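*Asks:* With the input below, show me the fold.
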Amino acid sequence: MRLPGLALTAWLGTLGSVAAETPAELAQVASDYMAQAAVALAEADGAQDRIQALTATVQAYEKGLAALREGLRGAALQERVLSARLQGHDEELTELLGVLQLIEREGPAAGLLHPEGPLPAIRAGMLASDLVPALNARAAILVVELEDLRAVIALQTAGQTQLQSGLRDIRAARLMLSEAISNRTDLPPATATDDATMQALINSTETLTAFADAFATDSPWSGTLKETWDLPVLGRVLRRFNEKDAAGVARPGWVVAAENSAVVTAPTPGTVRFAGALRDYGGVVILEPRAGELLILGGLGQVYVRRNQIVETGAPLALMGGVESATQEKLIENSVGGGQVRRETLYIEIRQGRDAIDPAARFEPDA
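*Replies:* Residues are numbered from 1 along each chain as shown. Model prediction:
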């Protein structure tokens with residue numbers, strides 16, 4: 001099955017709804033994502049919309065790697081639980097094997113030699129006959145636990161190999177995406193006057209709020225939006241609207257945790273009002289979905305779009321900062337029990353006129 005471009009994007013949405021709970025199930029989901037991503041990467045050169053195809057390919061790799069990391073964390077936790085359980089049963093296992101070996105060696109006749117005579121010997125024989133099945137059942141349980149431990153260790157070994165391969169492939173896909181975007185010829189022209197005006201605005205403002213006010217209109221959009229948006233990056237919301245951080249600072253937007261170099265896409269069509277770097281905010285993209293409303297994305301790394309460019313839903317806007325490396329993936333072991341290790345944060349703010357609104361009004365409720 002070949003799924004370039006739009007077809008791969010649709011397939012990602014379908015597979016994203018698959019419920020995977022065990023490490024083995026997560027590993028299968030990850031394998032499906034990355035197998036399709038590998039096919040799409042190989043076919044991207046012949047795609048009609050190469051940028052769209054490469055964007056979907058990168059997203060497939062990101063989802064596959066996320067599922068694989070989650071599976072490896074689950075496998076590591078499962079290994080620890082099984083190892084601790086088996087270590088706790090070492091003494092029991094030794095005694096159990098000793099009793100079974102004794103019964104097997106001596107046989108039922110051993111009960112006839114009871115020092116207190118025939119009646120206690122009969123009772124001991126009956127007890128032994130009841131004990132043997134129970135001992136065998138307990139031994140069978142321990143054997144199953146040992147096999148489970150071996151299976152989990154094998155899953156971890158295979159998963160680590162797949163993880164390293166996936167990291168190499170996603171770096172190649174991101175590089176191809178960056179090159180394809182840099183070779184575009186349909187970008188709006190930049191003028192020296194516009195650039196000078198924008199630089200003066202950047203130099204004269206100290207906060208993101210003040211900078212965004214320069215793009216605000218006196219007539220904020222006040223219609224009813226029935227559609228909902230997907231998060232622009234694969235991640236999870238760390239802090240919501242006006243929620244204070246550890247320093248007690250509240251921001252009128254969301255802070256979303258994401259992986260290093262994750263692709264950031266447009267959640268809605270719009271016009272790019274600003275794309276560039278702001279002091280203390282990293283890369284920033286301000287998108288105007290409609291007159292009177294702005295979507296602000298801050299904390300970006302490499303920015304792909306240009307001011308006045310019109311983008312469609314799913315268009316690549318930027319990459320998050322940071323660089324994924326094989327060495328960093330060793331942090332997986334240290335993250336067991338503490339959630340996924342995240343390294344970059346995306347700031348999302350939505351403004352109507354000069355007022356910020358809760359992003360929950362636009363984004364999926366389970367974001």
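
*Asks:* Convert stretch 234-250 to PDB, retaining C-alpha atoms only.
*Replies:* Extracted in PDB, the C-alpha atoms of stretch 234-250 (Å, rounded to 0.1, in the frame of the first residue of the first chain):
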ATOM      1  CA  LEU A 234       2.900  16.600  17.900                       C
ATOM      2  CA  GLY A 235       3.000  17.100  21.700                       C
ATOM      3  CA  ARG A 236       1.000  17.600  24.800                       C
ATOM      4  CA  VAL A 237      -0.200  20.700  26.600                       C
ATOM      5  CA  LEU A 238       2.000  21.600  29.600                       C
ATOM      6  CA  ARG A 239       0.200  24.800  30.700                       C
ATOM      7  CA  ARG A 240      -3.100  26.200  29.600                       C
ATOM      8  CA  PHE A 241      -4.500  29.700  29.300                       C
ATOM      9  CA  ASN A 242      -3.400  32.000  32.100                       C
ATOM     10  CA  GLU A 243      -2.000  29.000  34.100                       C
ATOM     11  CA  LYS A 244       1.000  30.000  36.200                       C
ATOM     12  CA  ASP A 245       4.400  28.300  35.700                       C
ATOM     13  CA  ALA A 246       6.900  27.400  38.400                       C
ATOM     14  CA  ALA A 247       8.000  31.000  38.600                       C
ATOM     15  CA  GLY A 248       4.400  32.200  39.100                       C
ATOM     16  CA  VAL A 249       4.200  33.700  35.600                       C
ATOM     17  CA  ALA A 250       0.900  33.300  33.800                       C
END
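
*Asks:* same question for it, mean pLDDT?
*Replies:* Taken as a whole, stretch 234-250 has an average pLDDT of 92.

*Asks:* In that stretch, which residues are buried?
*Replies:* By neighbour count with 16 or more other CB atoms under 10 Å, stretch 234-250 contains the buried residues 234, 235, 237, 239, 241. The C-beta positions use only the backbone N, C-alpha and C, and glycine is treated the same way.

*Asks:* ditto for stretch 208-217
*Replies:* Buried residues in stretch 208-217, defined by neighbour count with 16+ other CB under 10 Å: 208, 211, 212, 216.

*Asks:* Residue 25 is in contact with residue 74, correct?
*Replies:* No: using CB atoms under 8 Å, residue 74 is not in contact with residue 25, being 9.5 Å away.

*Asks:* who has more neighbours, these two?
*Replies:* More neighbours surround residue 74 than the other of residue 74 and residue 25, with 21 against 15 (other CB atoms under 10 Å).

*Asks:* Give me the distance between that one and residue 87.
*Replies:* With distances taken as CB to CB, to the nearest Å, residue 74 is found 20 Å from residue 87.
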